[in-house]
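[1] Structure here, sequence nowhere to be found:
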């Protein structure tokens, strides 16, 4: 019992490993057992609540998990929820947006030291040194903190590689399990990496820089965030390690503890309050009257606008617009997304480029992709898709290519009869080409050049024409 209580105490202060995705269970009973263990680990009851064994999981607990991950909130253990549970992630319970550990522990000084106790044989020592140094720089760039490596003497934060039991009551479980864990400042901030994993400088194995940057956030006092795309999101996200940029949520969290860099706020030494979300008008490139998009889609509650090698993310409850390199989220794709659409029920976004398309859950491209667009039933004369829009009420996807459009039945996995049709036959005002499309609040928004044309999704009646950048509040 003492060991169990100590383990619970440590998990409250410790950020535990990023589990590797396990093989999908084929037996419903095994899925239920897996889900029960997941909920007990990451969505535990309060300390005063007695532990009760049950064959089912309370719907409100599943709803909490679904809300945290931006899934469709059903309260049911559906396939999308199980898929999310099986993704790589950290082992501490999930909280809310940017968060700190209980009582917001932080370091009482700005100049911190670290030491590397040993090395993994998976990488050259110089590459390990570089990954660790760059991971610290992620946080020093947005705070007044400095991180200096020391040799042969005690350091504030010790970094080590270890396998299985390694003296902290939180043993690693071999390859395919937890990747790393780190303690909060209240418990010393040390970071441990599982030696049984395959550590790399790229994305062929587990990228050391990405995991270290996440764990060092915990070493500085940050808990987990429910903002998808943030570094402190509990799921390991294999971004392009050369293009990692901190999410606004990460910056707000760390600056709540330590304040902004001195160059920003002087050297008063007082931590800044959580920064306010910008309320000023969007940047001038967004408000350029000639702005046109390559593709538009929803993505876990946000609206995403693709242009060349970047995309902008617009959250319905936030006024800031985030610009991100496509390769930072999907390393296999660098630029030129032709079309995109989301199937919310499956938590899947489909991305089209030339004659290929990819299925991705979050930023993880699914096995078996890319595929050829002709597998969907397009004739060989169609070389690429210009735009796509999904109607979740009818489970039909509209594909636009050239001066024609098709309608695809997602339930039957086939093109509908009677298509293709001329775009001008049904969408009279837009002309013959659609650059981007999205179905939003019962309206088609079809983009052509710098204009968007709205139509009723059922009757296809023309409603209004606007500038494409009106989505960003531009006049």
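    Yep, it's here. Given the structure is predicted, the values throughout are model-derived calculations rather than measurements. Numbering: from 1, shown residues only.

[2] State the three-state secondary structure for the most far-flung residue of the chain relative to its centre.
    The centre of the chain is farthest from one residue, residue 425, which by C-alpha atoms, centre = their mean lies 39.6 Å away. For residue 425, the secondary structure call by DSSP: H, G, I helix; E, B strand; the rest coil comes out as helix.

[3] and this protein, what are its domains?
    For the chain, automatic domain parsing gives the domain ranges 22-85, 111-265, 295-472.

[4] In TSV: these, plus mean pLDDT.
    Shown next, in TSV, are the domains of the chain (pLDDT from 0 to 100):
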stretch	mean pLDDT
domain 22-85	72
domain 111-265	90
domain 295-472	88
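
[5] nearest to residue 99, of these?
    Across the domains of the chain, residue 99 has its closest neighbour in domain 111-265 (4.0 Å, C-beta to C-beta). For glycine as for every other residue, the C-beta is placed from the backbone atoms N, C-alpha and C.

[6] is it possible to export the domains of the chain to a markdown table including distance to residue 100?
    Putting the domains of the chain into a markdown table (distance: least, C-beta to C-beta, whole Å) gives the following:
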| stretch | distance to residue 100 |
| --- | --- |
| domain 22-85 | 17 |
| domain 111-265 | 5 |
| domain 295-472 | 21 |
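
[7] Compare those and give me the one nearest residue 287.
    When the domains of the chain are compared (using C-beta to C-beta), the closest one is domain 295-472, at 5.8 Å.

[8] ends of the closest one, how far apart?
    15 Å (C-alpha to C-alpha, to the nearest Å).

[9] re earlier: out of the domains of the chain, the one nearest residue 289 is which?
    The nearest among these, by C-beta to C-beta, is domain 295-472 at 6.3 Å.

[10] how far away is the residue farthest from the centre of the chain from residue 381?
    The gap separating residue 425 from residue 381 is 19 Å, by C-beta to C-beta, to the nearest Å.

[11] ok but residue 251 is inside a helix, no?
    Yes: per three-state DSSP, residue 251 lies within a helix segment.

[12] ok, for it, nearest residue in space, not its chain neighbours?
    residue 142 (5.1 Å; C-beta to C-beta, 6 or more residues apart in numbering).

[13] which ones are touching the one you found?
    246, 251, 254-255, 260-261 (C-beta atoms under 8 Å, 6 or more residues apart in numbering).

[14] cool, residue 466 as well?
    451-452, 454.

[15] ranking those residues by neighbours, who comes first?
    In terms of neighbour count, residue 452 stands highest of the contacts of residue 466 at 26 neighbours, by other C-beta atoms under 10 Å.

[16] Can you name the element that comes right after the helix or strand encompassing that residue?
    Assigned by DSSP states H and E, residue 452 falls within strand 451-456. Using DSSP H and E, the helix or strand that follows strand 451-456 in sequence is strand 462-467.

[17] Can you check what angle separates that next one from strand 451-456?
    160 degrees (axes from the mean of the first three to the mean of the last three C-alpha atoms, to 10 degrees).

[18] State the paired neighbours of strand 462-467 in the sheet, together with their directions.
    strand 451-456 (antiparallel) (DSSP bridges).

[19] Give me the secondary structure label for residue 56.
    coil.

[20] re the thing from before, would you mind checking the contacts of residue 142 for buried ones?
    Among those, those classed as buried by 16 or more other C-beta atoms under 10 Å are 246, 251, 254-255, 260.

[21] Closest one to residue 43 out of those, please.
    Out of the buried ones among the contacts of residue 142, the member with the shortest distance to residue 43 (by C-beta to C-beta) is residue 254, at 24.9 Å.

[22] Okay, strands next: where are they in the stretch 1-150 of the chain?
    14-15, 111-116, 146-149 (DSSP state E, counting those that start in this stretch).

[23] Columns mean neighbour count and distance to residue 347 on top of the ones you listed, output as a markdown table?
    Formatted as a markdown table, those follow (neighbours: other C-beta atoms under 10 Å; distance: least, C-beta to C-beta, whole Å):
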| stretch | mean neighbour count | distance to residue 347 |
| --- | --- | --- |
| strand 14-15 | 25 | 25 |
| strand 111-116 | 17 | 38 |
| strand 146-149 | 14 | 37 |
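
[24] Switch these over to TSV; also include distance to residue 348.
    Formatted as TSV, the strands of the stretch 1-150 of the chain follow (distance: least, C-beta to C-beta, whole Å):
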stretch	distance to residue 348
strand 14-15	29
strand 111-116	40
strand 146-149	39
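
[25] Residue 59 is nearest to which of the ones you listed?
    Using C-beta to C-beta, the nearest of the strands of the stretch 1-150 of the chain to residue 59 is strand 14-15, at 28.4 Å.

[26] what are the ranges of the helices in the stretch 51-200 of the chain?
    For the stretch 51-200 of the chain, the helices defined by DSSP state H, counting those that start in this stretch occupy 59-68, 79-85, 125-140.

[27] I would like the residues contacting the first one, please.
    Contact partners of helix 59-68, identified using C-beta under 8 Å, 6+ apart, comprise 39, 42-43, 71-77, 81, 84-85, 94, 96, 226.

[28] For it, buried residues please.
    Neighbour-count burial for helix 59-68 [16+ other C-beta under 10 Å]: 61-66, 68.

[29] Now find how far off-centre that helix is within its chain.
    18 Å (C-alpha atoms, centre = their mean, to the nearest Å).

[30] Contact partners for the residue nearest to residue 148 when sequence neighbours are not counted?
    Nearest-residue entry for residue 148: residue 113, 5.3 Å, with adjacent residues in sequence omitted and distances by C-beta to C-beta, 6+ apart. If a contact means C-beta under 8 Å, 6+ apart, then residue 113 has 147-150, 155-157 as its contacts.

[31] okay, the buried ones among the contacts of residue 142 in a markdown table with secondary structure and distance to residue 409 next?
    What follows is these, written out as a markdown table (DSSP: H, G, I helix; E, B strand; the rest coil; distance: C-beta to C-beta, whole Å):
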| residue | secondary structure | distance to residue 409 |
| --- | --- | --- |
| 246 | coil | 42 |
| 251 | helix | 44 |
| 254 | helix | 47 |
| 255 | helix | 49 |
| 260 | coil | 52 |
